[in-house]
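Novice: model this:
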Amino acid sequence: MTVEMSWFSALCDDDYEFLGVPDPDLASSFEHCRNIVLTADRYGYDNVLLPSGYALGIDNTAFAAGMASMTSMRMLLAVRCGELIVPQLARQVATLDQMMGGRLTINIISSDRPGEQLESEPRYRRSTEIMYCLRELLDGKPVDFHGEHVDLSVDPPRARTVSGRSPLFYFGGLSPAARECAARGADVFLMWPDTTDKVLAVKADMDARAAEYGRTLRYGWRSHVIVRETEDEARAAARRLLSRLDVETGEAIRKQSLDSTSAGVANQAALRESSDDEGYVERHLWTGVGRARSGAGAAIVGDPDQVHAKIEELIDAGIESFIFSGYPHAAECDLFARHVLGRIDHGALRFDPHPVAVV
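Specialist: Residues are numbered from 1 along each chain as shown. I've put the predicted structure just below:
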């Protein structure tokens, strides 16, 4: 099966040689993040995630526009629901897609905005309404929608995507409200690292939820990776990454994120707590990254054969899209490409998505 292999550009200051030790040379800037993306593009990755943060790093939409003419792969732009009114967001997305020649994909984010605290259910209802209206407009349809969070009567923007259709919506979240939102509106449901049995359980639950709306989902995996020529070298690299981290610094880094109390983050914490003394919850799944990072907190660790075997195991479990990162991001991008990427049948995801179900 052909799967999508993507990398990550550290637009939110998430790049380290040693976790918890900021390095001015690795801080987010246009030049630094551009170099990560160009490295991934040169090695033939299919997509690159451009994350979004309010306090840290640089703006991902402006960055995507600047990178449009420099790259040939897709870009996965993180969009925070509620940050822009929907017609403006539709125009922005369509314009970026034109600049990229039809290579834009969208990562829907539902976290609070600064100064805002919404409970999980209304936040995800807002995301569902926004996904519905955004997709309708990008599909060239007028919108007459009067919901709890979006109240809108508007024609589609003159600016259209290259395909004339909405880009794919990638989405992650584990709470009941997040799962309901994904079932109604997502195209690709992203999971953070977990044991394979838990991945299968989440997939089964999401398949059933989506089927209730006459929809189907594709599935993705977002994690870090550490690959070296031998397993001992890979494990040594993992230990080195944590070698200068103290508990207080790690906790402070995790709390910076607006989603630091989400169900997904809690699940990553539980995964760490179930690991062995070195942080391994499975032989090749290491949870140490989560000691200094909110969000995806584990890495696939091993030699090229072991990392490849773990990816194939996840493919067999139904994962069709992988978004990897490593520390430092450009260096690990190079290592993963040379050791593993060429062994995988990969390409950009292409399918016709179902409409968003708003009832």
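Novice: Following the strand ranked longest in the chain in sequence, what is the next regular element?
Specialist: Longest strand of the chain, by residue count under DSSP state E: strand 218-227. Next along the chain after strand 218-227, taking DSSP states H and E as the criterion, comes helix 231-241.
Novice: Now that next one: buried residues?
Specialist: The neighbour-count check on helix 231-241 (16 or more other CB atoms under 10 Å) flags 231, 234-235, 237-238, 241 as buried. Quick note: C-beta positions are derived from backbone N, CA and C, even for glycine.
Novice: okay, it in CSV with CA atoms only?
Specialist: Provided in CSV are the C-alpha atoms of helix 231-241 (Å, rounded to 0.1, in the frame of the first residue of the first chain):
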residue,chain,number,x,y,z
GLU,A,231,20.0,-0.2,17.8
ASP,A,232,22.6,0.6,20.5
GLU,A,233,23.5,3.9,18.6
ALA,A,234,19.8,4.8,18.4
ARG,A,235,19.2,4.3,22.1
ALA,A,236,22.4,6.2,22.9
ALA,A,237,21.1,9.1,20.8
ALA,A,238,17.8,9.0,22.7
ARG,A,239,19.7,9.1,26.0
ARG,A,240,21.9,12.0,24.8
LEU,A,241,18.8,14.0,23.8
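Novice: these two touch, right, Gly44 and Arg338?
Specialist: No: taking contacts as CB atoms under 8 Å, Gly44 lies outside contact range of Arg338: 11.5 Å.
Novice: nearest to Cys133, of the buried residues of helix 231-241?
Specialist: Leu241 (42.2 Å; CB to CB).
Novice: what's the farthest-apart pair in the buried residues of helix 231-241?
Specialist: Largest separation among these by CB to CB: Glu231 and Leu241, giving 15.7 Å.
Novice: what residue ranges in the stretch 201-350 of the chain score low on pLDDT?
Specialist: Filtered on pLDDT under 70, the stretch 201-350 of the chain yields the residue ranges 247-261, 264, 274, 294.
Novice: Apply 80 and report the result again.
Specialist: 246-276, 291-295 (pLDDT under 80).
Novice: mind listing the strands in it by residue range?
Specialist: Assigned strands in the stretch 201-350 of the chain, in chain order: 218-227, 280-282, 285-286, 299-302, 321-325 (criterion: DSSP state E, counting those that start in this stretch).
Novice: okay, those strands, which one's buried deepest?
Specialist: strand 299-302 (a mean of 28; mean count of other CB atoms under 10 Å).
Novice: Ser6 - how many residues pack around it?
Specialist: Using other CB atoms under 10 Å, Ser6 has 27 neighbouring residues.
Novice: Count the neighbours of the closest residue to it other than its chain neighbours for me.
Specialist: Of all residues not flanking Ser6 in the chain, Asn47 sits nearest, at 3.8 Å (CB to CB, 6 or more residues apart in numbering). Counted with other CB under 10 Å, residues neighbouring Asn47 total 24.
Novice: Pro328 and Val21, how far apart?
Specialist: 12 Å (CB to CB, to the nearest Å).
Novice: I misspoke; the intended subject was Glu212.
Specialist: 47 Å.
Novice: go on, Ile319?
Specialist: 32 Å.
Novice: Excluding chain neighbours, what is closest to Tyr327?
Specialist: Distances taken as CB to CB, 6+ apart place Tyr16 nearest to Tyr327, at 5.2 Å, with adjacent residues excluded.
Novice: Which of Ile319 and Val21 has more residues huddled nearby?
Specialist: Set Ile319 next to Val21 and count neighbours by other CB under 10 Å: Ile319 wins out with 22 against 13.
Novice: Wait, the more buried one touches Leu217, no?
Specialist: No: in this structure, Ile319 is not within contact of Leu217 by CB under 8 Å, at 11.7 Å.
Novice: Now stretch 9-20 - C-alpha only, PDB.
Specialist: Output of stretch 9-20 as PDB, limited to C-alpha atoms (Å, rounded to 0.1, in the frame of the first residue of the first chain):
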ATOM      1  CA  SER A   9       9.100  22.100  10.300                       C
ATOM      2  CA  ALA A  10       9.700  23.600  13.800                       C
ATOM      3  CA  LEU A  11       7.900  26.900  13.400                       C
ATOM      4  CA  CYS A  12       7.100  27.000  17.100                       C
ATOM      5  CA  ASP A  13      10.700  27.000  18.500                       C
ATOM      6  CA  ASP A  14      10.500  23.200  18.900                       C
ATOM      7  CA  ASP A  15      14.000  22.300  17.700                       C
ATOM      8  CA  TYR A  16      16.800  21.100  20.000                       C
ATOM      9  CA  GLU A  17      20.000  19.200  20.100                       C
ATOM     10  CA  PHE A  18      19.400  18.600  23.800                       C
ATOM     11  CA  LEU A  19      15.800  18.700  25.000                       C
ATOM     12  CA  GLY A  20      15.100  21.700  27.300                       C
END
